[in-house]
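Student: Structure of the sequence below:
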Amino acid sequence: MDKTVADLKPGEVGVIKGFSNDKDVIKLLEMGCLPDSELSVKYAAPFKGPFFINVAGSDLVIRRCVAKSILLK
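Tutor: From the prediction side, this is the model:
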């Protein structure tokens with residue numbers, strides 16, 4: 001099973017391998033979530049809330065379901 005952004009804890013870093021959901025791919029690519037980009041989780045909201053991440057110097061907030069679709073190396 002592949003590791004996803006949703007598996008990371010705040011402060012952990014991962015490298016994007018790809019996406020498991022075609023629905024959000026274009027939006028993620030436009031926001032800078034490109035394959036082989038390093039990302040870090042800054043904060044994960046409790047109660048299945050969103051993730052606050054940093055990708056290529058940009059801070060983003062993404063839904064948990066979107067975080068589960070970003071596959072990591």
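
Student: Tell me where the protein has helices.
Tutor: In the chain, the helices defined using DSSP state H lie at 25-30, 64-67.

Student: between these, which gets nearest to K48?
Tutor: Closest of those to K48 is helix 64-67, at 5.5 Å (criterion: C-beta to C-beta). Just so you know, the C-beta spots here come from the backbone N, C-alpha and C atoms, and that holds for glycine as well.

Student: Let me see the mean pLDDT of that closest one.
Tutor: Confidence over helix 64-67 (mean pLDDT, whole number) is 94.

Student: and the end-to-end length of stretch 34-47?
Tutor: Distance across stretch 34-47, first residue to last, is 28 Å (C-alpha to C-alpha, to the nearest Å).

Student: Without its sequence neighbours, what residue ends up closest to I70?
Tutor: Ranked by C-beta to C-beta, 6 or more residues apart in numbering and with sequence neighbours excluded, the top spatial neighbour of I70 is V5, at 4.4 Å.

Student: who's in contact with the closest residue to V13 other than its chain neighbours?
Tutor: In this structure, V13 finds its nearest non-sequential neighbour in S40, 4.6 Å apart by C-beta to C-beta, 6+ apart. Under the criterion of C-beta atoms under 8 Å, 6 or more residues apart in numbering, the neighbours of S40 are G11, E12, V13, G14, I53, N54.

Student: next one: P10
Tutor: Taking C-beta under 8 Å, 6+ apart as the test, what P10 contacts is V41, K42, Y43, A44.

Student: Surely E38 touches V15?
Tutor: Yes - E38 is in contact with V15 according to C-beta atoms under 8 Å; the separation is 5.4 Å.

Student: now the residue lying closest to E12 once chain neighbours are set aside: how far from I53?
Tutor: Spatial nearest neighbour of E12, chain neighbours left out: V41 (5.8 Å); criterion: C-beta to C-beta, 6+ apart. Applying C-beta to C-beta, to the nearest Å, the value for V41 to I53 is 5 Å.
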